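Peer 1: Have a look; sequence and predicted model below, questions after that.
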Amino acid sequence: MYKESIIDCDIHHTWGSVDELLPYMSKGWREYVTGPGKAGYVPLTGGDTYPNPHGFSREDTFSSNGRPPGSDYDTMKSQLLDPQRVEKGILTYGEGLFVDTNSNPYFAAEIARACNDWTEEQWLALDERLLGSILVSNQAPDLAAAEIRRLGANPRQVQVLMANNGLGQPFGHPLFHPIYEAACEFDLPIALHAAAAGGISTSPAGHGTINFYIEYHTLVTQPMMTHIVSMITNGVFEKFPTLKVILIEGGVAWVPSLLWRLDTNYKGLRREVPWLRKLPSEYFREHVRLTTQPLELSPERQDLIDLLTFFDGEDVLLYASDYPHWDSDQVSYVSTRLPSDWQPKIFYQNAKEFYSRF
Amino acid sequence: MIDVGCLEDFKEKSIRLVTVKSTEIGIIRWHDEVFAFKNACPHQQGPLCAGSLWPRMRAKDDRPGSLDVDEQRPVISCPWHGWEFDIRDGSAVWDSRYHARSYPVHIKDGRVFVALHGGDSADSENYLG
């Protein structure tokens, strides 16, 4: 088992209650959120269409004082940061991650802003190992870009984070380019986290409204495919040659066949996207990384390893726990599934090289 | 070198098939230049010379989302899967290491001559993924 220090690229921190976030909102937005009075607060996000029958988090991650999973630093420290030898852990929000499901773009931008300030004051200040993601709401890309510029100089903020689709266009569309422009100004990668299903966000599954959480969780790879193909074919990596993207919690096994298909199509359809100067897979290899979790459980261990070699998995995978979620992967588990000589890279070195602020 | 016809018989910006020693060859005339390609795409042996002859599509000022044409670098596009090859050297537009089979052409006294040997491309039986 891998026993050295690790970099964990996906730790879901959250609040115990919205009351913790409210002080970080402006007076006007606080008034708006609490306005309904006895009817309760205005919801911050669009909710989750597909409930997990077990709940979304490991049962053992509720803190001893009753705080919800991911909301208590001491519990996170004792369950993850210390025993898993986390040298650096990137925080990626709980409910806040789905700010893009909110129908109100101005409210969403305010939520993102409050989340970022709350994280800096309530989490990053607690432990030097913890690092932040600049949460942005992509419903209004100009507002998202402004938020990146507001916080981009903080060395503890190591990436820009998005999850859901607030505009109904895949992320390579020019609408989103102001976000990438701002990210590049600070050499910050764009982190695309697996999307929830809720609110105004486009369904995570193509071509139909799915019915079960198991469908959602299996098909959550689809948005990753949509967005990364869109970014490549729209020439995002030509327009922003220093841009880096990390795909979080989208699985890994889908990558080779997608790239094979995209490369084959490019050979016959280059005429449509002549701004691409190399094979799509080359853009992927140069600009994109993926987190390991949830690592697909192939029937034979070697099957997954062979698949990963098709896209240099040893060099492009970055370990993520996804703590405290139900589908999190332990270091010990991932150690048994991947070659031992790959592990120093996957558990540490690849992240060290990918994030310019490490 | 094999005489394949009078230059005036090959219309400008067109491809015309001739058979030379049982090999189908497409004679391409682009303005005053003439090129010859084996009528077989290196991808899946489709009838390359039944495809389209185009100026090369490119991005204007290298900007994603903009289109422009380059008349100086025309391409032949296979009618089956659209793979494009530079008509001057047969190289695939998306990777210069891959080639469609082309043949040297010589024009003399208004006649077009093709050499079946000495082509500078890879074996056209090599299927490309």
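Peer 2: Nice, I can see it.
Peer 1: which residues sit in contact with the residue in chain B positioned nearest to chain A?
Peer 2: Of all residues in chain B, B:Pro64 sits closest to chain A, at 2.6 Å by Cβ to the nearest Cβ. Where C-beta positions appear, they are placed from N, C-alpha and C, glycine not excepted. Applying Cβ atoms under 8 Å, 6 or more residues apart in numbering or on different chains to B:Pro64 gives the contacts A:234-236, A:238-239, A:275.
Peer 1: what about 7 Å?
Peer 2: A:234-235, A:238-239, A:275 (Cβ atoms under 7 Å, 6 or more residues apart in numbering or on different chains).
Peer 1: Tell me the confidence at it?
Peer 2: On pLDDT, B:Pro64 comes in at 94.
Peer 1: residues from the stretch 251-358 of chain A in reach of chain B?
Peer 2: Within the stretch 251-358 of chain A, the positions near chain B by Cβ under 7 Å from any Cβ of the partner chain are A:264, A:266-271, A:274-275, A:279.
Peer 1: Which members of these are the farthest-apart pair?
Peer 2: Across these, the longest distance by Cβ to Cβ is 19.0 Å; it joins A:Thr264 and A:Trp275.
Peer 1: and these two? which has more neighbours close in?
Peer 2: Neighbours around A:Thr264 and A:Trp275, counted as other Cβ atoms under 10 Å in any protein chain shown, are more numerous at A:Trp275. The numbers are 21 against 17.
Peer 1: Identify the residue spatially nearest to the more buried one, adjacent ones excluded.
Peer 2: Among residues not flanking A:Trp275 along the chain, B:Ala59 sits closest, at 3.6 Å (Cβ to Cβ, 6 or more residues apart in numbering or on different chains).
Peer 1: list the contacts for the residue of the stretch 151-300 of chain A found nearest chain B?
Peer 2: The stretch 151-300 of chain A approaches chain B most closely through A:Gly235 (2.6 Å), counting by Cβ to the nearest Cβ. A:Gly235 makes contacts with A:275-276, B:64-65, as judged by Cβ under 7 Å, 6+ apart.
Peer 1: so how far does stretch A:325-341 reach from one end to the other?
Peer 2: 28 Å (Cα to Cα, to the nearest Å).
Peer 1: So what's the gap between it and the chain middle?
Peer 2: Distance of stretch A:325-341 from the chain centroid (Cα atoms, centre = their mean, to the nearest Å) equals 19 Å.
Peer 1: May I see the buried residues of it?
Peer 2: Across stretch A:325-341, burial judged by 16 or more other Cβ atoms under 10 Å in any protein chain shown covers A:325-326, A:328-329, A:331, A:334-335, A:337-338.
Peer 1: Next, give me the two most distant ones among these.
Peer 2: Farthest-apart pair in the buried residues of stretch A:325-341 is A:Trp326 and A:Leu338; separation 21.7 Å (Cβ to Cβ).
Peer 1: Just the buried residues of the helix or strand hosting B:Gly26, please?
Peer 2: Assigned by DSSP states H and E, B:Gly26 falls within strand B:23-30. The neighbour-count check on strand B:23-30 (16+ other Cβ under 10 Å) flags B:24-30 as buried.
Peer 1: From what I see, A:Met224 and A:Gly250 are in contact.
Peer 2: Yes. Judged on Cβ atoms under 7 Å, A:Met224 makes contact with A:Gly250 at a distance of 3.7 Å.
Peer 1: helices and strands around the helix or strand of chain B with the lowest mean pLDDT, which ones?
Peer 2: Ranked by mean pLDDT, DSSP states H and E, the helix or strand of chain B with the weakest confidence is strand B:95-99, at a mean of 91. If contacts are counted by 3 or more Cβ pairs under 7 Å, 6 or more residues apart in numbering or on different chains; DSSP states H and E, strand B:95-99 sits against strand B:91-92.
Peer 1: again, only this time at 6 Å
Peer 2: Where contact means 3 or more Cβ pairs under 6 Å, 6 or more residues apart in numbering or on different chains; DSSP states H and E, strand B:95-99 is not packed against any helix or strand.
Peer 1: Can you classify the residue of chain A most remote from its centre by secondary structure?
Peer 2: Distance from the C-alpha centroid of chain A peaks at A:Lys38, with 34.7 Å (Cα atoms, centre = their mean). Look at A:Lys38: counting by DSSP: H, G, I helix; E, B strand; the rest coil, its state is helix.
Peer 1: which stretches of the chain aren't confidently modelled?
Peer 2: Picked chain A for this. Chain A contains no residues with pLDDT under 70.
Peer 1: wrong chain, I was asking about chain B
Peer 2: B:118-129.
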